[in-house]
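Engineer: What follows is a predicted protein model with its sequence.
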Amino acid sequence: MGPGSAPWSIDKEKKEKNKEKKVELVYHPAHYGGGDYPYEAIKVIEAWDLGFCLGNTVKYIARAGKKDETLQELEKALWYLQREIQKLKSYAKKDTKTS
């Protein structure tokens, strides 16, 4: 802080920079492709009407190696995919019992 500058002006500058960073992290983060990218994860998930588990599967595959460790991201994708498979299997069992 220089002489004669108001202490709150630095706080205001910090808040503005943090606000800009937060927008990038919240709305169209780079690890999902960013807002201008036509295959941003959320756009694909919504266009294909994937639902929660399959949507998360796509999300974690799309960002593999861009946010967290690649192996961790792929394991998360696999977990959601296996959960969706188990759900479909349980529905199939219920259908065969009621038929």
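Structural biologist: Cool, got the structure. Residues are numbered from 1 along each chain as shown.
Engineer: Give me the three-state assignment for the spatially most central residue of the chain.
Structural biologist: Nearest to the mean C-alpha position of the chain, by CA atoms, centre = their mean, lies residue 59 at 5.7 Å. Three-state assignment for residue 59 (DSSP: H, G, I helix; E, B strand; the rest coil): helix.
Engineer: so what's the closest residue to it other than its chain neighbours up against?
Structural biologist: Excluding the flanking residues, the one nearest residue 59 by CB to CB, 6 or more residues apart in numbering is residue 41, at 4.6 Å. For glycine as for every other residue, the C-beta is placed from the backbone atoms N, C-alpha and C. Counting by CB atoms under 8 Å, 6 or more residues apart in numbering, residue 41 touches 32, 33, 58, 59, 62, 63.
Engineer: Please tell me how far residue 41 sits from residue 98.
Structural biologist: With the distance defined as CB to CB, to the nearest Å, residue 41 ends up 36 Å from residue 98.
Engineer: would you list every one of the helices in the protein?
Structural biologist: In the chain, the helices defined using DSSP state H lie at 7-26, 41-47, 51-62, 70-98.
Engineer: Using CSV, lay out those helices together with mean pLDDT.
Structural biologist: Shown next, in CSV, are those (pLDDT from 0 to 100):
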stretch, mean pLDDT
helix 7-26, 62
helix 41-47, 92
helix 51-62, 96
helix 70-98, 93
